Structures are given as C-alpha cells and as structure tokens.
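> Sequence and predicted structure below; questions after.
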Amino acid sequence: MPEFDLATIDLVIVGLYVVMILSVGFWAGRKRQDSENYFLAGRGMIWPLVGLSLVSANLSGTSYIGLAGAGYHDGIAVWNYEWMATLVLVFFALFILPFYLRSRVSTMPEFLANRYDKRSRYAFSLFSVFTALFIDSAGALFAGGIVLKLLFPEVPLGLLITAMALLGGLYVILGGLRAVMITDTIQAVLLYVAGGVIFYMLFQELGSWDAVRDAAPEDGFTVFKPADDDFLPWPGVLTGVLWLGFYYWTTNHIVMQKVLSAKSIDHGRWGALMAGLLQLPLLFLLILPGTMGRALYPDLSDADLIWPTLAFDFLPIGVRGLVLAALVAALMSTLDSVLNGASSLVVNDFIKTRKKQRSEKQLMLISRAMVGVFMVAAGLWAPVILTFDGIVEYFQSFLGYVTMPVVVIFLGGLFWHRASSAAAFWTLVIAAPIGFAAFLAGEIFALYTLQFLYGAGIMLLLSASLFVAITLSTEPPPQETQKEYVWSREAWREESRELAGKPLWQNYRVLAGLLVVVTVVWVGLFI
C-alpha cells in the first residue's frame, strides 16, 4: 500500500479548486435571482452544458470510488449499468424528453400532477426528497469521507463528512443551478482527463492487453456473468439494470432538472445523447483501472480503496493534487445537484402550491434554508453505508427495491392513454413502502437471501400488476386532456415532418441510431 501523503503543491491545487468553485457560486449568484433562475438556470442551458452536467452528476464519488472498486472485486460486469444507460438515454431523447420540456414543468412531480393529479405529485415529491437524501447525498458524502480519511486518518469520519456537506451546500446556496451546471461542466472534463491518465499509466505498467485480461478475477472479463453470480448475474441486466436506468435517467428529478433547464427541445435532446455517448468510455476510465489494480494489489483490504491507491502510487507530486481535485469534483457534482434538486422539490411542490402566496425573496430564503437542512440530514445518514460491502451495492440495492413503482407510473402514463390517476397514486403509496420494507428485511437485517437485481424484477412485476389492475377497475381519463402528455404515432409523424429539412448532423434520430450501433458493437467485444 502506498503512503497517502500530499505534498504542499498538491494541497495548494486542491485549495485553489475549492476557491474556484466557491467563486463560481458567488459569480452565479451575484445578480438577484428568482426561483426559476435559481432552480432551472433560467431555462437557457445549451446542449454541451446539459450533456456534461448530466455526465458529471452521474460521475459522482460513487462512480469514481464504487465503479473502480466493483471492477477490482468483480470485474467488468458493472459496466452494464453504463452501457445500458446509453440505450436508455437514446430512448429518452426520442420518446420522452419532448413531453417534459413542452409541459414547461419545474419538477418531475409537477409533470405527474399534469398527467394524473395532485395526489401523485405530492407522493412522488416526498419520495424524491427521501431518495435524494438517503441515497444520492449520503453516498456522495460517504465516498468523500473515505478518501479524506486516507489523507487525514486522525480526523473522525463524521467530522470529514460534515466538512464535505458544508462545502457542498455553500455554493449551492450562493448560486443555484447555474453555479451547479457551470462547475459540473468543468468537473466533467477534469474527471475524464484524470481517469484517462490513470488508465494510461496502468496499461504502461502491465504492458499488454493480455496482462489486463489476466488481472481480472475468474469470469471477470465479460459483461455477462453466470445467473447465480452474487453481484451482477446476466439475467439481472434485464430484470434490474435496465429498469434502474429508466428510473435514474428518465424520472429522477435530480437528473431531470438538468434537462428541464435546456434552452430548447433540440438542445435537451443533443445534451442527452451526448451524455449517453460519454457513458461508454467509463469502462476504460474507471472500471478497467480497478480490474488492472488487482495485478498490483491482490490483497487490498477494501476494494473501494483501489482508485485512490492507484492515484497516490502512480501519479507524481502535483498531479496527485489535480486528481484529488477531480475526486472532490466528482463528489461535489452529485452533492450540489442533489441539494439544489431536493430544495426545488420542496419549494415548487409544497410551498408554491399552497393558497398563501409568497414573494420571490421569501421563496429564495426558504430554498437556501432547505439546502442547509438537507445538508445536515444527509451527513447524519452517511455513516450507515458502512454496513454494506461496497458503495455501488448500497446504491443499486436500495434503488432496485424502492424505485420500480416510479418507473411503472411514469412509463405507464407516457405510453398508455388508459392509465388512471388512482392507479398512479396507489401504486406509488403501496408498492414503494413494500419495496423499502423488503430492502430492510433482505439487505439490512438479512432475513432472506435474494440478489437485489432479481428483487428489482419482482418489485417491477408487483408494481405493474397493481398499476394495471387499478387502472382497469377505474374510469378512464378523457383522452383529449392527455394528448400533451402521452406519446402517439401522430406526434412521431409530426416530428418526422419537422426533421425533413434538417442536416444529418442535427437530426437527433440519425445521431441516436449511430449511438445504438456504436454501443452494440462495443458491448459485443466484451461478451
């Protein structure tokens, strides 16, 4: 194991980075903001900012620490989450995104209110705040605490998590989503560069592609592992990974907030496709470095330590500071997005909808206060993740059990005119608590044994059965009121006419088709 020591120049680089992001917060918040500017950056973001911000939010500390750790422990099968995300983003750009942007909603629960009713809006908003705090924020803080603990072993983990929470909350309070998206764009570039440097230096050390293959664990150099695999069995790609992708990339408000800020539908679509393309190289930037690290550190006590171990052992003084700044960037990308997104849910779905009208100044004060409250709550929950074998397992098992009803009510509402408001509400309020109870029973208290991706498939079937049964037992909604929120062949034909005069490089369908081909070929190389 290397010594996790930072030279003065490394600390200076990290310090400069922290000053930079705080300065961006001050700059973005220097003008008086209303709630739409604070939460949606004035709906003026162009596609590169949308795409890189989506990528950066996904490249959280969970990704940098967790994906490399999963690569070390299990091999490259964890890449299924990333290439599946590419296909989901293609589907999202083609069939779902236009409905979100045309509706001009501020939150995803608000879209449910338009498609169904207010009951679903409030239920999903509470659900989204809960998952934002106890999954996304807590995971980012925990990952940051792990890394900082290596550098400052004498400092208690709780204090390090508190410092991360304070830093993350501060510039969100200052600048809102505009600050988040600007820094996310910078961070995404930094993260990819850091991952590329690590991969290159490791490959130079091992010397050949055969050595890379040999470093993987048994059955670890294929994306499809046996059906009885503990971590990611191949049927789980269809029963769990695919639907987790739909939850994260098409319904999760924290992610969708970046899309809702897009300047136009085209900019939103191009940004989503860009994010899909950038999921594919993560195999080389994060997962394979973890796998390759097995050849150098075969007896590492904690797989989640492999990426910081490689960074400190292989990178020279000065560059270490830059890479550590990249890791801080990854952690901050998730934390800032979650804090801003959770605050927007409370303000838009609970404060603005009340009869008592509040001024923009009052709404901004409430928004910033909620960021502080959520920051504290996430910091208190983060140490619970210590009970899991790895960060990725914690994230995906929790999501697999509790998010399937969300996937069902969104996809059902978008593609089935008959879907009723009663079905959406009761599916969410019945199935989500059942999923949470199943998560606690199986993953926390070990009362039964079931691979969580199979558990996700069971929850999907349960949720779909509830949704269909309740829909068919209730009166159908008037179709004329659902036209703006349900996909139809007529809408597809109208978009085809609009695309007729566009050059190929602006035709999102052509770009989406090319991306699907690239994805299929790339995955085929690792079967």
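Okay, I see it.
> Do you have the helices of the stretch 51-200 of the chain handy? List them.
In the stretch 51-200 of the chain, the segments counted as helices under DSSP state H, counting those that start in this stretch are 61, 68-74, 80-91, 97-102, 108-115, 118-131, 138-151, 157-206.
> Pick the most deeply packed of these.
Comparing the helices of the stretch 51-200 of the chain by mean neighbour count (mean count of other Cβ atoms under 10 Å), helix 68-74 comes out on top with a mean of 29. The C-beta positions use only the backbone N, C-alpha and C, and glycine is treated the same way.
> what about Phe526, how many residues close to it?
Look at Phe526: counted by other Cβ atoms under 10 Å, it has 14 neighbours.
> quick one: it is in a strand?
No - looking at Phe526 with DSSP: H, G, I helix; E, B strand; the rest coil, it is coil, so not inside a strand.
> How about it: what's its closest non-neighbour residue?
The shortest distance from Phe526 to any non-neighbouring residue, by Cβ to Cβ, 6 or more residues apart in numbering, is to Val223 (5.1 Å).
> Thought Tyr81 was touching the one you found, still the case?
No - with contact defined as Cβ atoms under 8 Å, Val223 does not reach Tyr81; the gap is 10.4 Å.
> Thr156 - how many residues pack around it?
I think there's a mix-up here, since residue 156 is Pro and not Thr. Around Pro156 there are 11 residues (other Cβ under 10 Å).
> before we move on, what about Pro503?
As a burial measure, Pro503 scores 7 neighbours (other Cβ under 10 Å).
> where's it relative to Ala272, distance?
For Pro503, the distance to Ala272 equals 19 Å [Cβ to Cβ, to the nearest Å].
> ok, so what distance separates Val189 from Ser53?
Here Val189 is placed at a distance of 12 Å from Ser53 (Cβ to Cβ).
> returning to that earlier point: could you measure the residue nearest to Phe526 against Ser397, distance?
Distance from Val223 to Ser397, by Cβ to Cβ: 20 Å.
> same check, this time on Tyr454
Distance, Tyr454 to Ser397, by Cβ to Cβ: 11 Å.
> residue ranges with poor pLDDT in the stretch 151-300 of the chain?
151, 165, 167-181 (pLDDT under 70).
> what sits up against stretch 437-456?
229-230, 232-233, 235-237, 239-241, 243-244, 387-388, 393, 396-402, 404, 459 (Cβ atoms under 8 Å, 6 or more residues apart in numbering).
> again, only this time at 10 Å
80, 227-244, 247, 384, 387-388, 393-394, 396-404, 407, 435, 457-459, 462 (Cβ atoms under 10 Å, 6 or more residues apart in numbering).
> Which ones among those lie within strands?
Among the contacts of stretch 437-456, no member is found in strands (DSSP state E).
> From those, list just the buried residues.
For those, a burial check counting by 16 or more other Cβ atoms under 10 Å picks out 80, 229, 231-237, 239-244, 247, 388, 393-394, 396-404, 407, 435, 457-459, 462.
> hang on, isn't Trp209 packed against Phe203?
Yes - here Trp209 lies in contact with Phe203, judged by Cβ atoms under 10 Å, at a distance of 8.3 Å.
> that older thread, could you list which of the contacts of stretch 437-456 belong to helices?
Counted as lying in helices by DSSP state H, out of the contacts of stretch 437-456, are 80, 234-236, 242-244, 393-394, 396-402, 404, 407, 435, 457-459, 462.
> For the residue nearest to Phe526, the count of nearby residues, please.
21.
> Kindly indicate whether it is helix, strand or coil.
When classified by three-state DSSP, Val223 comes out as coil.
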